[in-house]
Every structure is written in C-alpha cells, then in structure tokens.
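*Asks:* Pasting the sequence and the predicted coordinates here, then a few questions.
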Amino acid sequence: MLGFELNLWDYLTFLTLFLTVVAGGAFWIFLAGLPGRIAISRKHPEAEAVKLLGYAGLLPTIYPWVQAFIWAYKPTDKVDIRRFPREEQRAIAEDIARLRGAPPKESAQASSPPKEAGEPGSPPAGRPD
C-alpha cells in the first residue's frame, strides 16, 4: 500500500478505527432517539413529533435535540378539545402502538356498518344488543 508494507499491527489499527466509527454512529443513533423513546414510554400525545425532532435536532446543532428532550417530559394531562377524552386516549394509544411497531388493532365493531336483521352473523330478531 503506497510503497509501505503492512503488518499485523497496521491491520489491527484499521480494525480499531473502523470499530470506533461504528460505535460512535451507534451511540449517536441511540442518543438521537432517546427523546422519542421517552415520549413513547410516557404516552405523549405528540410522541412522533418528539421522535422526529430528536433525530433531526442532534445533527446540525444540539439545541433542537435539547428542546425535544424537554418536550418529551412535558406534562401530558392536557386534553385536545377537538375530541372527547375517550377518543383522545384511543387515538394516542393507536399512535403509540404504531410508533412501537405493533400491528394496528382492528375495531371491527366501530368500523363496520350495522348488520341488518336476517343477514348471516346478525343477532336474532327481538334480542336486545
């Protein structure tokens, strides 16, 4: 290599440099995702935004990452007035499950139209639901 003869110590040096770069990258990914993981574990209503800001904020400067870290610990007891509290909790639970990679829950009763009497699978007539 460039007129130099490489021996075992040179190869060990290259291996050490490579492992250092890989460990630094893994540590950066762990550190950048930390605000998002905290927000998901706290069931934060804006967990996805915190996660994205954590990843995007650590690269150029550290200030947005610190903001994401503070945002992840923001109190989450406020209710969005666009939904009723039960719907808000259900929407947050679905978002958290999606961010964790869990398969979406099927709410068959809520999404399917009501069945008419006489169709297969419908309750017998005269029986209250």
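*Replies:* That came through, no problem.
*Asks:* and Arg82, what element?
*Replies:* Under DSSP states H and E, no helix or strand contains Arg82.
*Asks:* typed the wrong thing, it's Trp71
*Replies:* helix 63-72.
*Asks:* What of Gly3?
*Replies:* Following DSSP H and E, there is no helix or strand that holds Gly3.
*Asks:* Of all residues in this protein, which one is nearest the centre?
*Replies:* Leu99 (3.3 Å; CA atoms, centre = their mean).
*Asks:* residue contacts, the nearest residue to that one once chain neighbours are set aside?
*Replies:* The spatial neighbour of Leu99 that comes closest, neighbours along the chain excluded (CB to CB, 6 or more residues apart in numbering), is Ile40 at 5.3 Å. (Glycine included, C-beta is placed from N, CA and C.) Residues in contact with Ile40 (CB atoms under 8 Å, 6 or more residues apart in numbering) are 47, 51, 96, 99-100.
*Asks:* could you redo the last one with a cut-off of 7 Å?
*Replies:* 47, 96, 99-100 (CB atoms under 7 Å, 6 or more residues apart in numbering).
*Asks:* Look up phi and psi at Glu46.
*Replies:* When read as degrees, to the nearest 10, the backbone of Glu46 gives phi -120, psi 40.
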